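Trainee: 3D, please:
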Amino acid sequence: MPSNPYRLPLIATFFLIIWVMGFHVSMLGLGAISHYDEFLTLDRSTSFAAQNDWWNTYTAHEVNFNKPPLQYWISGWLIEQGVDLTIALRAPSFMFGGLTLIGAGLFAFALFPKLPWTVPVTVLFVASSDRFWGAATMALLDVGSLFFLTMTFATIHLALRAPLWWYAVALSIGLGALQKAPIAFGFAMIYLVSLGLTGRWHGHRFRTFISNRHFLASLALALVLVSSWHLLQFIQHGSTALQQAVGREIVGRLAPSSASGQVRDLREVLSHMFGAEGAVRLFGLIAAFWLPFRLRRYDLLPIPLVMLFYAVGISFSDGFISHRYTLLFTTMTAVMLAGAILAFSWSMQARILTVLLVSLFSGGPTKPPSELELMRESYVAKQIEVLSSVAKTLDTERRLFVCNWHKKERFSPGNISYYGSSGQIFMQVRDVHDLPSVFRSGTTSSALEGLCRSEDLAILRPFITDLQILSRDDPYVHFYASVRELSD
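Mentor: The predicted model follows:
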């Protein structure tokens, strides 16, 4: 009886995942959260218990519709169980990181069932990514999105061979929408349209899955799961929930510019796509476009077409597109590069050497703490110190007002909320040009308790009176003031 060709590759994959996860798990408790968005995770994860409400996500003590709750629920539950705060905030990302490595192996199996060694090689390439481990050890949502997208693509290919896998596609899409945004749903639509449009070359035409009852049932399930959180928010809060969650966060971020012109030129798009992992990611992108033709596997074409669609989309998108979004391509480029290397008619020694060189060129699968963003930056530590001091003496009769227009060292709203607000709603001004409209609108209380930089006081003087300095902690000033009456 012939031996199972996947036996050794799966054993190698298992020990590789155990090794890299075991190496990095001790880093979860090192340092403290520091990134701007990590403080939003802190604020939202602790708000469930603080507000005694697990069916709404809060930011700065107010219901917020920007992000769904799945990852915040996990961190919030861990905090309630007494887990160390930093570990509780980072643990979901780390969990999704381990699941992503497993998903990457499944993705390789789904794409290249006749090349069993693509499974451990793909996992090795993903684990060698600096950006991957950076995301997996921070209290951010990005690596969770990568996991659900990877599982969506992997299970789509499995479903083309065994239709019951369509339900796994629906589950990946639905849970992904509850974790960050319907990213997997959008990419899956692009993937399936690309698959149907190229069907003449590989046989998976639109009718092969549209006419399948399992596909149709799973599509309905996916739509229910994707819309469930938004529907709950709509029932509770009306159309405002949809306007913020869908209109601003999704459509507003991804819609083309109002002038219908190009927002980002080719250099900016390439810089965004390649980032700090330019060379390895470039090889992965080349492999993604080359491999379908090299192997005459045209069912692989949706992968490069998804990347191309994204690149074209961001070049015209009018909203903010973070460089962190390209983490989504980590498993795609890894699996295509692994397939390209193992598809070559090289000797086994040459393939092994190439795989090791790619991994080492990426920095290897184990990252020292110094290469990960685990330590708190000094200016953030200063902000927390000052905010904590403000919270101790915060006057409940006055509204906290924060000058927050210094971009390089801007307070995260989550930082202000958790450390400085004592559970009260506060006001922050992010653009100094907004000051006249803010003070004329009457949204500020007549008595303010302010936290600004020393140099900001001169900017505020036309709008405030009765200034009383409470304390100075360079460069910040904590003060009381009354709002000056302004003429229209």
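Trainee: for the longest helix seen in the chain, packing partners?
Mentor: Determined from DSSP state H, the single longest helix within the chain is helix 85-111. Judged by 3 or more Cβ pairs under 8 Å, 6 or more residues apart in numbering; DSSP states H and E, helix 85-111 is in contact with helix 7-25, helix 36-51, helix 70-80, helix 118-127, helix 130-136, helix 142-161, helix 330-343. (Glycine included, C-beta is placed from N, CA and C.)
Trainee: for it, buried residues please.
Mentor: Across helix 85-111, burial judged by 16 or more other Cβ atoms under 10 Å covers 85-111.
Trainee: where does this structure have low pLDDT?
Mentor: 1-2, 247, 249, 251-264, 275-276, 278, 319, 442-445, 486-488 (pLDDT under 70).
Trainee: find the residue at the geometric middle of it.
Mentor: residue 142 (2.3 Å; Cα atoms, centre = their mean).
Trainee: which non-adjacent residue is nearest that one?
Mentor: Of all residues not flanking residue 142 in the chain, residue 135 sits nearest, at 4.5 Å (Cβ to Cβ, 6 or more residues apart in numbering).
Trainee: same thing with residue 332?
Mentor: Going by Cβ to Cβ, 6+ apart, residue 332 has residue 303 as its nearest residue, at 5.5 Å.
Trainee: what's the domain layout of the protein?
Mentor: 7-365, 378-483 (automatic domain parsing).
Trainee: and the last one, end to end?
Mentor: Using Cα to Cα, to the nearest Å, the gap from the first to the last residue of domain 378-483 comes to 33 Å.
Trainee: identify the residues contacting the closest residue to residue 361 other than its chain neighbours.
Mentor: Distances taken as Cβ to Cβ, 6+ apart place residue 280 nearest to residue 361, at 6.3 Å, with adjacent residues excluded. Residues near residue 280 by Cβ atoms under 8 Å, 6 or more residues apart in numbering: 125, 128, 129, 333, 337, 358, 361, 362.
Trainee: by neighbours, which of those wins?
Mentor: residue 125 (30 neighbours; other Cβ atoms under 10 Å).
Trainee: for that residue, give its distance to residue 361.
Mentor: 11 Å (Cβ to Cβ, to the nearest Å).
Trainee: same check, this time on residue 152
Mentor: 29 Å.
Trainee: and the nearest residue to residue 398 once chain neighbours are set aside, how many residues sit next to it?
Mentor: Nearest residue to residue 398 in three dimensions, chain neighbours excluded: residue 449, at 4.1 Å (Cβ to Cβ, 6+ apart). Neighbourhood size, residue 449 [other Cβ under 10 Å]: 24.
Trainee: mind checking the SS state of residue 449?
Mentor: Secondary structure, DSSP: H, G, I helix; E, B strand; the rest coil: residue 449 is strand.
Trainee: pretty sure it contacts residue 391?
Mentor: No: Residue 449 is beyond contact range of residue 391, at 10.7 Å (criterion: Cβ atoms under 8 Å).
Trainee: and for the residue lying closest to residue 12 once chain neighbours are set aside, the neighbour number?
Mentor: Distances taken as Cβ to Cβ, 6+ apart place residue 120 nearest to residue 12, at 4.3 Å, with adjacent residues excluded. Other residues lying near residue 120 total 23 when counted by other Cβ under 10 Å.
Trainee: just give me the neighbour total for the residue nearest to residue 44 when sequence neighbours are not counted.
Mentor: Excluding the flanking residues, the one nearest residue 44 by Cβ to Cβ, 6+ apart is residue 72, at 4.6 Å. Per other Cβ under 10 Å, the neighbour tally for residue 72 reads 27.
Trainee: which ones are touching residue 72?
Mentor: Residue 72 neighbours (Cβ under 8 Å, 6+ apart): 41, 44, 45, 48, 57.
Trainee: helix or strand: which one has the nearest residue to residue 155 once chain neighbours are set aside?
Mentor: With Cβ to Cβ, 6+ apart as the criterion, residue 155 has its nearest non-adjacent residue at 4.2 Å, and that residue is residue 168. In the assignment (DSSP states H and E), residue 168 maps to helix 166-179.
Trainee: next, the buried residues of that helix.
Mentor: So helix 166-179, judged by 16+ other Cβ under 10 Å, has buried residues 166-179.
Trainee: export those to TSV and append columns for distance to residue 250.
Mentor: Below are the buried residues of helix 166-179 laid out as TSV (distance: Cβ to Cβ, whole Å):
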residue	distance to residue 250
166	24
167	25
168	24
169	21
170	20
171	21
172	19
173	15
174	16
175	18
176	13
177	11
178	15
179	15
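Trainee: number of nearby residues for residue 369?
Mentor: With other Cβ under 10 Å as criterion, residue 369 counts 14.
Trainee: my guess is it meets residue 29, correct?
Mentor: No: counting by Cβ under 8 Å, residue 369 does not reach residue 29; the two are 10.9 Å apart.
Trainee: run through who's touching stretch 394-413.
Mentor: For stretch 394-413, contacts defined as Cβ under 8 Å, 6+ apart pick out 36-40, 43, 59-60, 379, 383, 387, 390, 416, 420-422, 424-432, 444-445, 447-453, 456, 459-460, 480.
Trainee: now, which of those lie within strands?
Mentor: 59, 427, 428, 429, 447, 448, 449, 450, 451, 452, 453, 480 (DSSP state E).
Trainee: any idea how far residue 408 is from the fifth one?
Mentor: It stands for residue 447. 30 Å.
Trainee: who's more crowded, those two?
Mentor: A count of neighbours by other Cβ under 10 Å puts residue 447 above the other of residue 447 and residue 408, at 14 against 5.
Trainee: list the contacts of the more buried one.
Mentor: Counting by Cβ under 8 Å, 6+ apart, residue 447 has contacts 395, 397, 398, 399, 480, 481, 482, 483.
Trainee: make it 7 Å
Mentor: Contacts for residue 447 (Cβ atoms under 7 Å, 6 or more residues apart in numbering) come out as 397, 398, 482.
Trainee: adding secondary structure, write these out as a markdown table.
Mentor: Output for the contacts of residue 447, formatted as a markdown table (three-state DSSP):
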| residue | secondary structure |
| --- | --- |
| 397 | coil |
| 398 | coil |
| 482 | strand |
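Trainee: need these in CSV (columns: neighbour count and distance to residue 68).
Mentor: Shown next, in CSV, are these (neighbours: other Cβ atoms under 10 Å; distance: Cβ to Cβ, whole Å):
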residue, neighbour count, distance to residue 68
397, 8, 36
398, 17, 34
482, 15, 41
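Trainee: now, which of these sits nearest residue 287?
Mentor: residue 398 (59.9 Å; Cβ to Cβ).
Trainee: got phi/psi on the closest one?
Mentor: The phi/psi pair for residue 398 (degrees, to the nearest 10) reads phi -120, psi 150.
Trainee: swap in residue 470?
Mentor: According to degrees, to the nearest 10, residue 470 has phi -90, psi -40.
Trainee: that one contacts residue 481, correct?
Mentor: No: counting by Cβ atoms under 7 Å, residue 470 stays clear of residue 481, with 10.5 Å between them.
Trainee: and the two? Which one has more around it.
Mentor: residue 481 (22 against 15).
Trainee: please name the bridge partners of the more buried one.
Mentor: Per DSSP bridges, the residues bridged to residue 481 are residue 448.
Trainee: OK, contacts around it?
Mentor: 448, 450, 464, 465, 466, 467 are the contacts of residue 481 under Cβ under 7 Å, 6+ apart.
Trainee: let's go with 8 Å and repeat that
Mentor: 447, 448, 450, 460, 464, 465, 466, 467, 468.
Trainee: quick one: residues contacting the fifth one.
Mentor: Each residue near residue 464 by Cβ under 8 Å, 6+ apart is listed here: 448, 450, 481, 482, 483, 484.
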